[in-house]
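>>> Structural data only, the sequence is not supplied:
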């Protein structure tokens, strides 16, 4: 059996419905107002960055908040002919205090050299990544370079106790002293 709604019930539900609509509209208005305020504040903010390397005018620059590395490169006059722009994410957003280094294109020799482990500066963990070099041998390498003032040639590594000629031959292509 169907019951009839009284005028009182209809008015009550109508008031509740209007209150819900008012709350939703108020929330949407507040969100919109807050977003506009945030945009205004961010438009006034700046980020200070230092850009260097293969760039025409290295130095400190201030850019608007939300700028990207591409904008910093343009502000610094663009890249030099030696720049390896593929080594940089131009779309990355800048952060205040950031240092950006635009690398140069490396020759095959330079690339091979940069991938080698410098036995004069490598940590124990890095040295143990070399084939046949364990914790004790890595510690001996570090002790030797500290006592002798570093290695002048990679071949000097054979003077370290535990580095035989065959072990040196296994790692000689993976190390450098520069």
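Happy to help now that I have it. Values in this document were obtained by computation on a predicted structure and should not be read as measured data. Residues are numbered from 1 along each chain as shown.
>>> Now find how far off-centre stretch 31-43 is within its chain.
What separates the centre of stretch 31-43 from the centre of its chain is 28 Å, taken as CA atoms, centre = their mean, to the nearest Å.
>>> contact partners of the strand ranked longest in the chain?
Determined from DSSP state E, the single longest strand within the chain is strand 46-53. Under the contact criterion CB atoms under 8 Å, 6 or more residues apart in numbering, strand 46-53 has outside partners 58-65, 67, 72-73, 75-76, 83, 94-104. Every C-beta, even on glycine, is put in place using the N, C-alpha and C of the backbone.
>>> Filter those down to the buried ones, ChimeraX style.
Only the buried members of the contacts of strand 46-53 enter the following ChimeraX selection, criterion being 16 or more other CB atoms under 10 Å:
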select :58,61,63,67,72,73,75,76,83,94,100,102,104
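>>> which ones among the contacts of strand 46-53 are found in helices?
72-73, 75 (DSSP state H).
>>> Tabulate those residues (a markdown table), appending pLDDT and distance to residue 50.
Listed next are these as a markdown table, based on pLDDT from 0 to 100; distance: CB to CB, whole Å:
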| residue | pLDDT | distance to residue 50 |
| --- | --- | --- |
| 72 | 95 | 9 |
| 73 | 95 | 13 |
| 75 | 96 | 12 |
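>>> that older thread, tell me which of the contacts of strand 46-53 fall in strands.
Among those, the members falling in strands (DSSP E) are 59-64, 99-102.
>>> Distance to residue 139 added to the residues you listed, as TSV?
Converted to TSV, the ones in strands among the contacts of strand 46-53 look like this (distance: CB to CB, whole Å):
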residue	distance to residue 139
59	43
60	42
61	45
62	47
63	47
64	51
99	34
100	37
101	33
102	38
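>>> Identify the farthest-apart pair in those.
The most widely separated members of the ones in strands among the contacts of strand 46-53, counting by CB to CB, are 64 and 101 (21.9 Å).
>>> Name the single longest helix found in the chain.
The helix that spans the most residues within the chain, counting by DSSP H, is helix 7-44.
>>> now the angle from that one to strand 59-64?
With axes from the mean of the first three to the mean of the last three CA atoms, to 10 degrees defining the directions, helix 7-44 sits at 160 degrees from strand 59-64.
>>> Tell me the confidence at residue 166?
Residue 166 is assigned a pLDDT of 91 by the prediction.
>>> Could you check the helix or strand where it lies and say which residues are buried?
Taking DSSP states H and E as the definition, one finds residue 166 inside helix 165-171. Neighbour counts using 16+ other CB under 10 Å place 167-168, 171 of helix 165-171 among the buried residues.
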